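Visitor: Build me a structure from this.
(one chain, ligands or ions: 1)
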Amino acid sequence: MKVAIVGAGMAGLTAAHILDSHGIDVTVFEKSKGTGGRMSSRSFAGGWIDHGTPYFSAETVGFQSFLKKFADKKIIEPWAARVNGPLALDEIVHYISVPRTSALTRALLADIKFHPSTHISMIEKTDSMWRIYNDGRTDLGLWDLVILAIPSPQAVQLLVDQKDLRAKVEGVEMEPCWICALQLPGPVQHIQDVTVFTDNDIRRVTCNSAKKDRANQHVYIVQASAAWSEKHLEEPPAAIGNQLKQKFLNTFNLNFECDVLFSHRWRYGFTTTPLAQPYLWDEQQRLGVCGDWCLGRRVEDAWKSGSELGKTILSSLKKGGPSCMSTL
Ligand SMILES: Cc1cc2nc3c(=O)[nH]c(=O)nc-3n(C[C@H](O)[C@H](O)[C@H](O)COP(=O)(O)OP(=O)(O)OC[C@H]3O[C@@H](n4cnc5c(N)ncnc54)[C@H](O)[C@@H]3O)c2cc1C
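Guide: Modelled structure (predicted):
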């Protein structure tokens, strides 16, 4: 049983981790250079800047117990952040990964086979197997089972011949999010670790350097509001960085200069209309689809989606008999 998972974010790697730990032969394909997706981090001056999720929450007992082994290994740690403003459900602070947000997904990947910098552009059913292709239409081999663990609009692009699944995924809506990373010349006491705004083009400001082991000083992530991100979607990153920097300086009444380190556009940053079911699974075709957007817009939603799909696939393979589970 050879399983191909497209997408090395929290959902895909949770499914990969579950299947791999039951002896299934899993390979993960990812278009970026590393793991994480919207839990990614960039290296900066010998340290790290988290440009996606700055931190995350674990509300359910299921997610808390899943995380326990990573907490024991100090890959995740509680973060007692100083907070200013009313946090939304997807902004609640419980944990950070150490020394970077992507450390959790890297730990989930462990030694599972991984093909980074590989954009999957087509999946094709041939008799009982799946054939998958990258951008240059290179054939990446035959697979018994495929999981798409990518944002819904990207899943729609791959579900060309799967009309029923595609129709369901097309009902999901996601919104963009621009962020920029700023480095201030020194400490500013009146900016909390996490600040949220409800009537500002800035939605949230997080102090990256306040998190353990980031190895940088006075680095802040400015997250634009959904409306502002949508309005400025196609502008160049440098222009975005300058505008967000100015808004940041004005908002906090700062009259000094600071450096824009980089800006990043998350074209599919957050879910606005979820699927409202944890995953999609076509048992006959052996095709699964998961992602945070199935349930919501949090890391915990991505985990639940990947986890439930992984468990469903395991029981489906067990039901299919020894030939399906020959690698166990
Ligand atoms: C700025 C920002 C702040 C956030 N803050 C929080 C927060 O405070 N708390 C919280 O809980 N959540 C937060 N989130 C949301 C959280 O990051 C997501 O819910 C979660 O990471 C989604 O995981 P996922 O695996 O479903 O998707 P993703 O992380 O998007 O993973 C999908 C992966 O698939 C890859 N991919 C896509 N298409 C292809 C293809 N064709 N071929 C190969 N690879 C492909 C992508 O590169 C990506 O790595 C935030 C998100 C953003 C953008």
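Visitor: CA only for contacts and neighbour counts going forward, please
Guide: Fine.
Visitor: Let me see the ranges of the strands in the stretch 201-328 of the chain.
Guide: 202-207, 219-224, 259-273, 280-282, 287-289 (DSSP state E, counting those that start in this stretch).
Visitor: first to last residue in stretch 39-54, what's the distance?
Guide: Stretch 39-54 has an end-to-end distance of 8 Å (CA to CA, to the nearest Å).
Visitor: Now tell me what touches that stretch from outside.
Guide: With CA atoms under 8 Å, 6 or more residues apart in numbering as the test, stretch 39-54 has contacts from 9-10, 37-38, 96, 99-102, 105, 179-181, 206, 208, 213-216, 221, 264.
Visitor: if you set the cut-off to 7 Å instead, what comes out?
Guide: Contacts to stretch 39-54, defined as CA atoms under 7 Å, 6 or more residues apart in numbering, come from residues 9, 38, 100-102, 208, 214-216.
Visitor: hmm, back to that, tell me which of the strands of the stretch 201-328 of the chain sits nearest to the ligand.
Guide: strand 259-273 (4.0 Å; CA to the nearest ligand atom).
Visitor: Paired strands for that closest one, with orientation please.
Guide: strand 173-183 (antiparallel) (DSSP bridges).
Visitor: and the helix or strand following the strand it pairs with with the ligand, contact?
Guide: Using DSSP states H and E, the helix or strand that directly follows strand 173-183 along the chain is strand 194-196. No - Strand 194-196 lies apart from the ligand when judged by CA under 6 Å from any ligand atom; the minimum separation is 9.9 Å.
Visitor: Tell me how far the spatially most distant residue from the centre of the chain lies from residue 249.
Guide: Residue farthest from the centre of the chain, counting by CA atoms, centre = their mean, is residue 255 at 35.2 Å. As judged by CA to CA, residue 255 and residue 249 stand 7 Å apart.
Visitor: now swap in residue 191 and tell me
Guide: The gap separating residue 191 from residue 249 is 11 Å, by CA to CA.
Visitor: Likewise for residue 174?
Guide: 29 Å.
Visitor: try residue 171
Guide: Distance, residue 171 to residue 249, using CA to CA: 39 Å.
Visitor: And residue 160, by the same measure?
Guide: The value you get for residue 160 to residue 249, if CA to CA is used, is 46 Å.
Visitor: Chain neighbours aside, what residue packs nearest to the spatially most central residue of the chain?
Guide: For the chain, the residue sitting closest to the mean C-alpha position, by CA atoms, centre = their mean, is residue 38 at 3.1 Å. Using CA to CA, 6 or more residues apart in numbering and skipping the chain neighbours, the partner closest in space to residue 38 is residue 52 (4.9 Å).
Visitor: Quick check on residue 174 and residue 249: which one has the bigger neighbour count.
Guide: residue 174 (18 against 14; other CA atoms under 10 Å).
Visitor: Let me see the confidence value for the more buried one.
Guide: On the pLDDT scale, residue 174 is placed at 98.
Visitor: likewise residue 308?
Guide: 98.
Visitor: List the residues that contact it.
Guide: residue 278.
Visitor: Which residues lie in contact with the residue nearest to the centre of the chain in this structure?
Guide: So residue 38 contacts 9, 52-53 (CA under 7 Å, 6+ apart).
Visitor: Residue 178: neighbouring residues, count only.
Guide: 27.
Visitor: ok, and the most crowded of the contacts of residue 38?
Guide: residue 9 (31 neighbours).
Visitor: Isn't that residue up against residue 34?
Guide: No - applying CA atoms under 7 Å, one finds residue 9 not in contact with residue 34, separated by 9.6 Å.
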